[in-house]
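*Asks:* Structure of the sequence below:
(2 chains)
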Amino acid sequence: MSSTDRFIPDRLQSPLQQRLKSWETLLLAVAIGIFIANSLASPYFLNAWNLSDATFNFTEKAMIAFAMALLIVAGEIDLSVASIIALASTAMGAAAQVDASTLTLVLVGLSVGLACGAFNAVLVCGMGLPSIVVTIGTMSLFRGISYIILGDQAYRGYPTSFAYFGQGYVFWVISFEFVLFAILAVIYGVILHKTNFGRAVYAIGNNATGALFSGIRVNRVKSILFLLTGLMSGVAAVCLTSRLGSTRPSIGLGMELEVVTMVVLGGVNILGGSGTIPGVVIAAFVMGLVTFGLGLLNVPGIVMSIFIGALLIGVIALPRLWQKWRG
Amino acid sequence: MTPESLTPPSPVAPVLRLDRITKTFPGVKALNEVELALYPGQVTALVGENGAGKSTLVKILTGIYQPDGGAITVDGTPVRFRAAQDAADHGITAIHQETVLFDDLSVAENIFLGHAPKSRFGLIDTSAQRHMAAEILRGIGAEIDPDARLRDLGIASKHLVAISRALSIDARVVIMDEPTAALSHKEIHELYDLVEQLKAQGKAILFISHKFDEIFRIADRYTVFRDGQFVAEGRIDEITEGDLVKMMVGRSVDQIFPKRAPQIGETVLQVTGYDHPTEFEDINFTLNKGEILGFYGLVGAGRSEFMQALFGITKPSKGVTKIDGKIRVIRSPAEAVNAGIVYVPEDRGQQGAIRPMPIFQNVTLPSLARTSRNGFIRLAEEFALAREFTQRLDLRAASLDTPVGNLSGGNQQKVVIAKWLATQPKVIILDEPTKGIDIGSKAAVHDFMAELAAQGLAVIMVSSEIPEVLGMSDRVIVMREGRIAAELEGDDLTPETLVRHAAGIAEA
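*Replies:* As a prediction, this is how the structure comes out:
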């Protein structure tokens, strides 16, 4: 009964055609628009060092956002990331007080991040609890531990070489953080878009039951994603602590929502199943450019958050409204 | 087919009458000019196989579906039910197999939801509501606290609440859709008493059941449907169980099944002592190369539950699986696939396909290890594998990157089967493989099943459609209430034997 006369093409549209119509293309246009608007609005914008400074607005958040993007594509979320930064930074601060080496400090930061991710993974994947509830809980828990340890104190006295991660430059105006951001963008892009693991992430996010029935080890994949998100929070903790040179328990407060905003702005469906790393990369630039441009215009931080919120809603709502008008 | 004439009128006129009701869905005539009459103070049993059109009829009676043709009369007046509320306004209420109630509301709130007694200020008069609920519950002899939360009640008590709700709206027609499916022996007897009470109150009852013992115990009349057609109706005391079975299944097998010359080889799968605390018990069987083994039974007989345990989804409390004589421990679908067992589930949308994803990604999902190098995807190999297996199944689609959700039910099923064949399995389990798909795709799936068996694959087919079971299987296991009721082959394979074993009727 097999018939070879009926040929089904691989695709009707070339990948390039599909890409042109994608969310990422629209977002890129928005980014370019903001870039042009900024350079018209402020004479200080088009300056290599200023632009380099601007990248610090998003590099740390974006590192977490890459892992968070995978987690959200898989239909889960981790709201404890900013609190993991606090706990990891506190642990590094404590280690610095006993004169730990820079390498030890980095290892402490990364291991605390990984351990926090493992804790979330056990609660969500091991016990089957909803991730939004679990990570709201661990959000309070992790930062709470920092508050108990530090109170209103701060850890200082990090070794000089530790400053490189947040303040060092690899080449001219290219900072270490920016290079790390670029490398991580490529790694996560490859993981999500070019590997079997990434395919499993999409399958789980689109239909976790169907993925399980297709022989995907759903809980294993999700656990790895929580571990990765914890690890990336640890990486961000190293960079942020190094950049600030001190640790307070309020470090990175509220950053989890900026990370989620970046992921959603990047076109990742908050309900899971779709989204790309290039989208998140462009969204990182958009958010960085907006905050930097408004900063140059002396717009206060609180007003800036209003802009970011409006941008998020606007970019998400416009295509829908456009379709409604035309349909 | 000419319906036997409606039996001479009872002394009383019917409360509700359906005349030449027709309902068509895309590709299927679910009901074709069927007749039904319900009389006050009498229980009418509606009998038919799965797919006979019973549930469609219930949905028409309760206003959920609108018929394409025919007339419904209540007390001799033609009526139209445009929505569920219209049917309720005419005093028609249904008690479903799974009761449609609200777990977090109280018993009294459940009974009076939507028609609660109101106080002067237009608010719900809770004390009157509680009082009236208590009265109704007392009336049916149910010892249930009207203030209890429904969540805290057992399934039998929930049924009583559903019945109380039916009584509270002063129903004249009560539809009971397999009301005993989830009840224990004792609870079933309490339900019978209640049915007697409802009869005494002059209510007309439509009783849908697969269990012959209860039909003959409580029904006064019967109506038989087959394949969406009206077959017969009459008084239950004028027929025997055997007559009823013949009316249910006595079909001209109009579907053509592929002719097969089965080449049955050595044993591939050996299942011993599969037990589960609630779903199934003591399942033992073997399956050979090139064989199609049918699993027949009523809905709820535990067939799918057992298959999912075999596939590693649910955990059996014990049981051993041997593939080619070697014990394989299967704790997850991934391990089942590695052992060579694959499962095409009944619930295609949720369990079978990942509908938003493209066809080729669905097909290669369990085979990614083969189309990739060191975990990195190779698109060209993916498309090649997907093309090979979708072509073997004669898939109809615009392109291989079309989302599976855009395909028809039959083509979605082909994608799911292609996905599993691409893993080169030893045993393929097909759970209701042709449910809800059009005739053309059905034939394609049947042909393909035959081809697979001819190529030496061992096939398990779970099906509730008797013609399919008879037309395709070399051997049939009938399950009833979680146990193997019979293993049939050769001349023992008849519609009558299947129905008897599945329903638990002793040999005539």
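
*Asks:* quick one, strands of chain A?
*Replies:* Per DSSP state E, chain A carries strands over the ranges A:169-171, A:174-175.

*Asks:* Any stretches of the chain with poor pLDDT?
*Replies:* No chain in the question, so chain A it is. Regions of chain A meeting the criterion pLDDT under 70 cover residues A:1-6, A:326-327.

*Asks:* Switch to chain B, please.
*Replies:* In chain B (pLDDT under 70), the answer is B:1-11, B:26-28, B:50-51, B:97-100, B:181-185, B:250-255, B:436-440, B:506-508.

*Asks:* hang on, the earlier thing: make a markdown table out of the strands of chain A and add mean neighbour count.
*Replies:* Any C-beta I mention is one placed from the backbone N, CA and C, and that applies to glycine too. Formatted as a markdown table, these follow (neighbours: other CB atoms under 10 Å in any protein chain shown):
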| stretch | mean neighbour count |
| --- | --- |
| strand A:169-171 | 12 |
| strand A:174-175 | 18 |
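
*Asks:* Hmm, residue A:45 is touching residue A:294, no?
*Replies:* No: contact between residue A:45 and residue A:294 fails when scored by CB atoms under 8 Å: they sit 11.1 Å apart.

*Asks:* still on that earlier bit, would you mind giving the strands of chain A as CSV with distance to residue A:108 added?
*Replies:* CSV is the format used below for these (distance: least, CB to CB, whole Å):
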stretch, distance to residue A:108
strand A:169-171, 24
strand A:174-175, 23
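
*Asks:* Can you give me the distance of the closest residue to residue A:158 other than its chain neighbours to residue A:163?
*Replies:* Using CB to CB, 6 or more residues apart in numbering or on different chains and skipping the chain neighbours, the partner closest in space to residue A:158 is residue A:96 (5.0 Å). Distance, residue A:96 to residue A:163, using CB to CB, to the nearest Å: 12 Å.

*Asks:* next one: residue A:187
*Replies:* Per CB to CB, residue A:187 is found 25 Å from residue A:163.

*Asks:* the more surrounded of those two?
*Replies:* residue A:163 (15 against 12; other CB atoms under 10 Å in any protein chain shown).

*Asks:* Find the residue closest to that one in space, skipping its chain neighbours.
*Replies:* Closest to residue A:163 by CB to CB, 6+ apart is residue A:242, at 5.7 Å.

*Asks:* got the contact list for that neighbour?
*Replies:* A:158, A:162, A:163, A:164, A:165, A:166, A:167 (CB atoms under 8 Å, 6 or more residues apart in numbering or on different chains).

*Asks:* 7 Å instead, please
*Replies:* By CB atoms under 7 Å, 6 or more residues apart in numbering or on different chains, residue A:242 lies in contact with A:162, A:163, A:165, A:166, A:167.

*Asks:* Quick check: closest non-adjacent residue to the third one.
*Replies:* This points to residue A:165. Nearest to residue A:165 is residue A:242, by CB to CB, 6+ apart, at 3.9 Å.

*Asks:* For chain A, what lies in contact range of chain B?
*Replies:* Residues of chain A that fall close to chain B, judged by CB under 7 Å from any CB of the partner chain: A:1-4, A:8-12, A:194-197, A:199, A:202-203, A:206-207, A:209-217, A:273.

*Asks:* can you pull out the strands in the stretch 201-350 of chain B?
*Replies:* Secondary structure of the stretch 201-350 of chain B (DSSP state E, counting those that start in this stretch): strands at B:204-208, B:221-226, B:229-235, B:267-275, B:283-288, B:292-297, B:318-323, B:326-327, B:341-344.

*Asks:* Relative to chain A, how far out is residue B:364?
*Replies:* Residue B:364 sits 8 Å away from chain A, taking CB to the nearest CB, to the nearest Å as the criterion.

*Asks:* burial count for that residue?
*Replies:* Residues near residue B:364, counting by other CB under 10 Å, number 29.

*Asks:* In three-state terms, label it for me.
*Replies:* Three-state call for residue B:364 (DSSP: H, G, I helix; E, B strand; the rest coil): helix.

*Asks:* Correct me if wrong: it contacts residue B:385.
*Replies:* Yes: judged on CB atoms under 7 Å, residue B:364 makes contact with residue B:385 at a distance of 5.7 Å.

*Asks:* Quick check: neighbours shared by those two?
*Replies:* Shared contacts of residue B:364 and residue B:385, defined by CB under 7 Å, 6+ apart, comprise B:371, B:422.

*Asks:* can you tell me how far the residue nearest in space to the middle of chain B sits from residue B:314?
*Replies:* When CA atoms, centre = their mean is applied to chain B, the residue found nearest the centroid is residue B:299 (4.9 Å). As judged by CB to CB, residue B:299 and residue B:314 stand 18 Å apart.

*Asks:* what do you get for residue A:250?
*Replies:* Shown here: residue A:250 relative to residue B:314, a distance of 47 Å by CB to CB.

*Asks:* ditto for residue A:116
*Replies:* With CB to CB as the criterion, residue A:116 and residue B:314 are 33 Å apart.

*Asks:* Compare neighbour counts for the two and give me the winner.
*Replies:* residue A:116 (29 against 15).

*Asks:* need the contact list for the more buried one.
*Replies:* Taking CB under 7 Å, 6+ apart, we find residue A:116 in contact with A:80, A:84, A:87, A:142, A:230.

*Asks:* so who does the residue lying closest to the last one once chain neighbours are set aside touch?
*Replies:* Spelled out, it's residue A:230. Nearest residue to residue A:230 in three dimensions, chain neighbours excluded: residue A:117, at 1.9 Å (CB to CB, 6+ apart). Contact analysis of residue A:117 by CB under 7 Å, 6+ apart lists A:226, A:227, A:229, A:230, A:231.

*Asks:* Show me which residues of the stretch 201-350 of chain B sit near chain A.
*Replies:* Counting by CB under 7 Å from any CB, the stretch 201-350 of chain B comes close to chain A at B:332, B:333, B:334, B:337, B:343, B:345, B:350.

*Asks:* go with 6 Å
*Replies:* When proximity is defined as CB under 6 Å from any CB of the partner chain, the stretch 201-350 of chain B approaches chain A at B:333, B:334, B:337, B:345, B:350.

*Asks:* Restricted to helices, list those residues.
*Replies:* The helices, defined by DSSP state H, take in B:333, B:334, B:337 from those.

*Asks:* Now distance to residue B:389 too, for those, in CSV please.
*Replies:* Output for those, formatted as CSV (distance: CB to CB, whole Å):
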residue, distance to residue B:389
B:333, 19
B:334, 20
B:337, 15
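
*Asks:* Can you tell me which of these is nearest residue B:268?
*Replies:* Distances from residue B:268 to those, taken as CB to CB, are shortest for residue B:337 (15.3 Å).

*Asks:* what's near enough to touch the closest one?
*Replies:* Counting by CB atoms under 6 Å, 6 or more residues apart in numbering or on different chains, residue B:337 makes contact with A:215, B:366, B:423.

*Asks:* I'd like to know how many residues surround residue 118.
*Replies:* Here I'm looking at chain A. Neighbour count for residue A:118, taken as other CB under 10 Å: 15.

*Asks:* I was after chain B.
*Replies:* Residue B:118 has 12 nearby residues by other CB under 10 Å.

*Asks:* again with the one 4 residues further on
*Replies:* Around residue B:122 sit 7 other residues, with neighbours defined as other CB under 10 Å.

*Asks:* repeat for residue A:311
*Replies:* Residue A:311 has 18 neighbours, counted by other CB under 10 Å.

*Asks:* Residue A:60 touches residue A:238, doesn't it?
*Replies:* No: with contacts counted by CB atoms under 6 Å, residue A:60 stays clear of residue A:238, the gap being 9.4 Å.
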